[in-house]
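Enquirer: below is the sequence, then the predicted model.
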Amino acid sequence: MTRPYPFSVKALVAPEALPYLAEYRVDLDPGQNGDPESGNRLQIKLNFKNLEHARDRLLALGGSVEVLNPLPLRLSIRDFAREIVGVYGGGEDG
């Protein structure tokens, strides 16, 4: 059963990440197949307590989730990702 959290998020989610979001998922068309153009991710609606709760939960899933809206959450996750790349570098090993 989903909780009545007021902060609504629309996102593209890789099928393997869905179990980690079950508590927050509000809707998903049961017949929906992943869109090949989006890496077979599914568009779903999620509800969280607030922006920070959503950001913390979704950041933990890395590239398995792309926030479509709200824009402030999308931008916040992008900023965190840039900070992380700044710490760990641009892809060099070691």
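Expert: Yep, it's here.
Enquirer: could you pull up the mean pLDDT of stretch 63-80?
Expert: The average pLDDT within stretch 63-80 is 97.
Enquirer: what sits up against it?
Expert: 8-14, 16-17, 21, 38, 41, 43, 51, 54-55, 58-59 (C-beta atoms under 8 Å, 6 or more residues apart in numbering). Yep, even glycine has a C-beta here, placed from its N, CA and C like the rest.
Enquirer: all the helices of this structure, residue numbers only.
Expert: 18-21, 51-59, 71-88 (DSSP state H).
Enquirer: returning to that earlier point: whichever of the contacts of stretch 63-80 end up buried, select them in ChimeraX.
Expert: Per 16 or more other C-beta atoms under 10 Å, the buried members of the contacts of stretch 63-80 correspond to this ChimeraX selection:
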select :9,10,11,12,13,14,17,21,41,43,54,55,58
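Enquirer: good, we can wrap up now.
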